[in-house]
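Asks: Test case, fold it:
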Amino acid sequence: MAKWLIIIGIIFILAGLAWPWLSRLGFGHLPGDISIERKGFSFYFPVTSSIIISLVLSILFWIFRK
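Replies: The predicted structure is shown next:
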C-alpha cells in the first residue's frame, strides 16, 4: 500500500511540474466542462476532463494489474 501511495505522489508531483505545458494543450477547458461566471462569482466544474482522466486511469490500472 505504501508503495502505491509513493507512486501516486510522484505522479502528482510530475503532473504539477508539467502543468504549464499541459495547460497550453487546452486540457481543462474542453467542451462539456461547466463554467459559470457572474459578477463576484465564478464556478468551474470539469465534467468532460474528469471523465477523460477517469478513463485513462482505469485503463492504466487495468494494464498494470495484469
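Asks: Now do the same for the residue of the chain most remote from its centre: its pLDDT.
Replies: When distances are taken from the C-alpha mean of the chain, K39 lies farthest, 27.5 Å away, according to CA atoms, centre = their mean. Looking at K39, its pLDDT is 93.
Asks: G28 too?
Replies: pLDDT, read off for G28, is 66.
Asks: how near is the residue farthest from the centre of the chain to I63?
Replies: According to CB to CB, to the nearest Å, K39 stands 47 Å off from I63. (C-beta placed from N, C-alpha, C; glycine too.)
Asks: quick one, helices of the protein?
Replies: Using DSSP state H, the helices of the chain run over 2-23, 47-65.
Asks: For I34, find the nearest of those.
Replies: Relative to I34, the nearest member of these by CB to CB is helix 47-65, separated by 5.9 Å.
Asks: Ranking helices and strands of the chain by mean pLDDT, which lands last?
Replies: helix 2-23 (a mean of 82; mean pLDDT, DSSP states H and E).
Asks: Pull the residues that contact that one.
Replies: By CB atoms under 8 Å, 6 or more residues apart in numbering, no surrounding residue is in contact with helix 2-23.
Asks: what distance separates that helix from the middle of the whole chain?
Replies: Centroid separation for helix 2-23 versus its chain: 10 Å, with CA atoms, centre = their mean, to the nearest Å.
Asks: Adjust the sequence numbering to begin at 27 for everything that follows.
Replies: That works, and once the first residue is 27, the last one we named lands at helix 28-49.
Asks: Next, the angle from that helix to helix 73-91.
Replies: 140 degrees (axes from the mean of the first three to the mean of the last three CA atoms, to 10 degrees).
Asks: Output helix 28-49 as PDB, nothing but the C-alphas.
Replies: Extracted as PDB, the C-alpha positions of helix 28-49 are listed here (Å, rounded to 0.1, in the frame of the first residue of the first chain):
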ATOM      1  CA  ALA A  28       2.800   2.400   0.900                       C
ATOM      2  CA  LYS A  29       4.500   1.700  -2.500                       C
ATOM      3  CA  TRP A  30       1.300   2.700  -4.400                       C
ATOM      4  CA  LEU A  31       0.900   5.900  -2.300                       C
ATOM      5  CA  ILE A  32       4.500   6.900  -3.200                       C
ATOM      6  CA  ILE A  33       4.000   6.200  -6.900                       C
ATOM      7  CA  ILE A  34       0.800   8.200  -6.900                       C
ATOM      8  CA  GLY A  35       2.500  11.100  -5.100                       C
ATOM      9  CA  ILE A  36       5.300  11.100  -7.700                       C
ATOM     10  CA  ILE A  37       2.800  11.100 -10.500                       C
ATOM     11  CA  PHE A  38       1.100  14.200  -8.900                       C
ATOM     12  CA  ILE A  39       4.400  15.900  -8.500                       C
ATOM     13  CA  LEU A  40       5.300  15.300 -12.100                       C
ATOM     14  CA  ALA A  41       1.900  16.500 -13.300                       C
ATOM     15  CA  GLY A  42       2.300  19.600 -11.200                       C
ATOM     16  CA  LEU A  43       5.700  20.300 -12.700                       C
ATOM     17  CA  ALA A  44       4.400  19.700 -16.200                       C
ATOM     18  CA  TRP A  45       1.200  21.800 -15.700                       C
ATOM     19  CA  PRO A  46       2.500  24.900 -17.600                       C
ATOM     20  CA  TRP A  47       2.900  22.800 -20.700                       C
ATOM     21  CA  LEU A  48      -0.300  20.800 -20.100                       C
ATOM     22  CA  SER A  49      -2.400  24.000 -19.800                       C
END
